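Visitor: Compute the structure for the input listed below.
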Amino acid sequence: MAIDDFNGDNFDHSDLDFLHGGWISLRQGGRTPISSNAVPAGTPSFGREFKEQSIYQFFRMLSVGTQGASLPNVNNYLDLDPTYTDKLGNPLLRMTFDFHEQDQNLARYLAEQIEDILTEMGASDIAVNKDLGNFDIEPYQSTHNTGGVIMGDDPETSAVNSYLQMWDHDNVFVVGASAFPHNGGYNPTGTVGALAYRAAEGIEEYLKNGGGQLVKWNLNNNEGRRTSDEPI
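Guide: Here you go, the predicted structure:
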């Protein structure tokens, strides 16, 4: 079960200190006692009390969460690792990422909405996580990291055009969520599929035309426009 009331611009942001939002969902993962064995805070992690609480809470708990947008930040980026290399000696790709004020404010607001919903439902014991803390890859969190080969309409600020064709090498098409400037409040798969169809159309057009850039773009200061048959 999911609601979209607090995603994107579906709600009033006039008094809020963040952009975008996220969807809220009630998840039931089935009988998975190891991965979803929830007990009240303060319960020992083993022993008689842990067993008793595990059995009692198994059919009495539910999990409500949110998946929010992650907007661009100058401190989140990809670069070549100065230390680690692959077996051929090429530097590995390194990701630098953390949650920033925008992310923290968005998550805190959505957590408060979830708390209000659970209170209205009549929950007797509500544990709310309102602080994202620092980004950590260790706990599973359904993270969909995107970006790195950004799509745009200007080669000065993007790597690929709307057909996912590279500005610098017109015979290279990069398909995937790497084209996203930022991650919206949804899973990226549907949009990635749409972009794949778009790229396929572009490749077909590219071969039909005998190569060249598929998208026109403005020169600096709007002094002119390159056409698809002019080299960059």
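
Visitor: what bits of the protein have low per-residue confidence?
Guide: For the chain, the stretches flagged by pLDDT under 70 are 28-35, 142-143, 218-232.

Visitor: Now do Ser54 against Ala123, distance only.
Guide: 19 Å (CB to CB, to the nearest Å). In short, each C-beta sits where N, CA and C put it, glycine included.

Visitor: before we move on, what about Ile203?
Guide: 52 Å.

Visitor: and what of Glu205?
Guide: On the measure of CB to CB, Glu205 and Ala123 end up 55 Å apart.

Visitor: try Trp23
Guide: On the measure of CB to CB, Trp23 and Ala123 end up 20 Å apart.

Visitor: Between the two, tell me which one has more neighbours.
Guide: Trp23 (21 against 15; other CB atoms under 10 Å).

Visitor: residues near the closest residue to that one other than its chain neighbours, how many?
Guide: Nearest non-adjacent residue to Trp23, counting by CB to CB, 6 or more residues apart in numbering: Asn7, 4.8 Å away. Residues lying near Asn7 (other CB under 10 Å) number 22.

Visitor: domains for this protein, by residue range?
Guide: 2-121, 144-232 (automatic domain parsing).

Visitor: quick one on the thing from earlier: quick check: the residue nearest to Trp23 touching Ser25?
Guide: No: the criterion here is CB atoms under 8 Å, and Asn7 misses it with Ser25 at 10.9 Å.

Visitor: who's in contact with the residue most central in space within the chain?
Guide: Nearest to the geometric centre of the chain sits Asn183, at 3.9 Å (CA atoms, centre = their mean). By CB atoms under 8 Å, 6 or more residues apart in numbering, the contact set of Asn183 is Ala69, Ser70, His144, Asn145, Thr146, Gly147, Ala177.

Visitor: in the sheet, who's paired with it?
Guide: Under the criterion DSSP bridges, Asn183 forms beta bridges with Ser70.

Visitor: How much space separates it from Asp170?
Guide: 28 Å.

Visitor: now Ala196
Guide: Applying CB to CB, the value for Ala196 to Asp170 is 19 Å.

Visitor: In terms of packing, which of these two has more residues around it?
Guide: The neighbour count for Ala196 versus Asp170, taken as other CB under 10 Å, is higher for Asp170 (17 against 14).

Visitor: start to end distance for stretch 122-141?
Guide: Using CA to CA, to the nearest Å, the end-to-end distance of stretch 122-141 comes out at 27 Å.

Visitor: number of nearby residues for Pro188?
Guide: Neighbours of Pro188 (other CB under 10 Å): 17.

Visitor: what sits against the nearest residue to it once chain neighbours are set aside?
Guide: Spatially, and ignoring its direct neighbours in sequence, Pro188 is nearest to Ala177 (4.5 Å; CB to CB, 6+ apart). Neighbouring residues of Ala177 by CB under 8 Å, 6+ apart: His144, Thr146, Gly147, Asn183, Pro188, Thr191, Val192.

Visitor: tally of neighbours for the third one?
Guide: Okay, so that is Gly147. 20.
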